[in-house]
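A.B. asks: Sequence plus predicted model, see below.
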Amino acid sequence: MENVIIIGSGPAGYTAALYAARADLKPLLFAGWQPGGQLMITTDVENYPGFPKGIMGPEIMELFREQAARFGTDIRDINVDKVDLTGPTFKVWVGEELHEAKSIIICTGASAKWLGLEGEVTFGGYGVSACATCDGFFFRNKKVAIVGGGDTAMEEALFLTRHASEVHVLHRRDSFRASKIMQERVLEHPKIKIHWNTAVTEIHGEMEPHKKLKSITLQDTVTSDIRQMEVDGLFIAIGHQPNSSLFTGVLDMDEAGYLITMPDSTRTKIPGVFAAGDVQDSVYRQAITAAGSGCMAAIEAERFLAGLH
Ligand code: NDP
C-alpha cells in the first residue's frame, strides 16, 4: 500500500513528488512512456525563475526529475491504464498490474489540440505537425505555415525561422492573444508574414510517389473569400486539451475537460484525490504555476494522510 501515487511527470508531478518525498511519504510516480510533459517539446524556457539566461525545456525537466529522485521518489516510465477512485483505498492499474494507495495526485497535464480536418490525419507526420521544435528541422529552406495566435504559435513561428525560408502565421482573428513580448518578436521578424482573419479549411497533398503535404485552402473569416497557399509544412498551434479521460464520470470536470478542484486548493470532490498542473488549470498554464500547484497537492496529501482534513 503506497502513501501516495502521483500520475504524470511534468512540472506539477515532479514537484509534488519532491515535496512528498521530502515529507517521507515515499511517493510512487508514474511518469508515462514519454516523461517530462510539454516542456520536453519546447526549446528555450525564458520565464522559469532561477534561470536568468534561460534553459532548454528537456534540460529543466531532467533537473526536476533528478531532484524528485534524490529524495527517494520511485519513478516509473510507464502509463497508467485505469484507476478506481471509489476508495477507501485507491486503485491504479498499469496493464494488469494493480497498485493501491491511500492518496492520489493527478498531474496528467494537457496535449496539443488539432483543427479536426481530415488532412491532419492523412498528412500527420508527412508535413503536418503540432510540434515545431520536434519537426522543424525537416523544413530547412522550405515554406511553412503555423495556425494560431497564442504564445505557442509565436514560439513555434520564431523557432521555424531558424530552418524554414518562409514562415506564415495564419490567425483567425485580427489580433494575437500571445504575450506582448512574443508578439513583438514575431511582428518584427523579417522572415515571418502574418495573415490575419485567416482559417485553414482544407489540407491537400499527394500520396504518390511519397505521401506529402502540398497546399492548404484558406478562408478569410471576415469576407469568406477562399484562396490556396502552397506549403511544405503546416504546424497546428491552437492550444491544448487536458488529459483527463482516465477520470471521466468519476471526477468533476468543466465542459473543456479540466478537472475541477476546490477553491484555493488541489482537492477534488473525492477526499484523498488531488489534481495539480495543466489538467486542472485552464487559466495560467505555466510551468511555474504547475510546479506551484504540484507543491500544494503534496502538502494537502500529507495533511490528508495525517488525518488533518
Ligand atoms: P492559447 O489558448 O493561448 O492560444 C490558442 C490560439 O489558437 C488562439 O490564438 C486561438 O485563437 C487559436 N485557436 C484555438 N482554436 C482554434 C481553431 N479551432 N482554429 C483556429 N485557431 C484556433 O494556447 P497556447 O498553446 O498558445 O498557450 C497556452 C498557454 O501556455 C498560455 O497560457 C500561454 O501563455 C502559455 N505558453 C507560454 C509560453 C511562454 O511563455 N514562452 C510558450 C507557450 C505557451 P483566438 O485567439 O481567436 O481564440
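C.D. replies: Here it is on my side, so go on.
A.B. asks: Report the buried residues of stretch 143-150.
C.D. replies: 144-150 (16 or more other C-beta atoms under 10 Å). Glycine gets a C-beta too; all of them are placed from N, C-alpha and C.
A.B. asks: wait, what's in contact with Phe159?
C.D. replies: Going by C-beta atoms under 8 Å, 6 or more residues apart in numbering, Phe159 touches 43, 132-133, 136.
A.B. asks: out of those residues, who has the most neighbours?
C.D. replies: Counting neighbours by other C-beta atoms under 10 Å, the top entry in the contacts of Phe159 is Ala132, with 29 neighbours.
A.B. asks: Could you double-check that it lies in contact with Leu158?
C.D. replies: No. Under the criterion of C-beta atoms under 8 Å, Ala132 is not in contact with Leu158, lying 9.1 Å apart.
A.B. asks: tell me which parts of the chain are close to the ligand?
C.D. replies: 47, 115, 147-153, 155, 172-173, 177, 238-240, 285 (C-beta under 6 Å from any ligand atom).
A.B. asks: Now intersect these with the strands, please.
C.D. replies: Counting by DSSP state E, the residues of the chain next to the ligand place 147, 240 in strands.
A.B. asks: Show the buried residues in the residues of the chain next to the ligand.
C.D. replies: Using 16+ other C-beta under 10 Å, the buried ones in the residues of the chain next to the ligand are 115, 147-153, 155, 172, 238-240, 285.
A.B. asks: which one among the residues you listed gets closest to Pro11?
C.D. replies: Arg285 (10.9 Å; C-beta to C-beta).
A.B. asks: was I right about that closest one contacting Asp278?
C.D. replies: Yes. With contact defined as C-beta under 8 Å, Arg285 and Asp278 form a contacting pair (5.5 Å).
A.B. asks: So for those two, which residues contact both of them?
C.D. replies: 110, 240.
A.B. asks: in which helix or strand would I find Asn3?
C.D. replies: Element membership for Asn3 (DSSP states H and E) is strand 2-7.
A.B. asks: got it, and Tyr126?
C.D. replies: Using DSSP H and E, no helix or strand contains Tyr126.
A.B. asks: and if you look at Trp33?
C.D. replies: Here Trp33 is assigned to no helix or strand, by DSSP H and E.
A.B. asks: show me what contacts it?
C.D. replies: Contacts of Trp33 (C-beta under 8 Å, 6+ apart): 77-79.
A.B. asks: what do you get for Met296?
C.D. replies: 265-266, 276.
A.B. asks: Just give the number of residues close to Gly257.
C.D. replies: Gly257 has 16 nearby residues by other C-beta under 10 Å.
A.B. asks: Need phi/psi at whatever residue of the stretch 101-250 of the chain ends up closest to the ligand.
C.D. replies: Using C-beta to the nearest ligand atom, Gly150 is the residue of the stretch 101-250 of the chain that sits closest to the ligand, at 2.3 Å. As for Gly150, its main-chain torsions (degrees, to the nearest 10) stand at phi -100, psi -170.
A.B. asks: One more: Ser9?
C.D. replies: phi -140, psi 40.
A.B. asks: So for the strand holding Asn3, mean pLDDT?
C.D. replies: The average pLDDT within strand 2-7 is 98.
A.B. asks: List the buried residues of the helix or strand following it.
C.D. replies: The helix or strand immediately downstream of strand 2-7 is helix 11-22, counting by DSSP H and E. Under the neighbour-count criterion of 16+ other C-beta under 10 Å, helix 11-22 has 11-22 buried.
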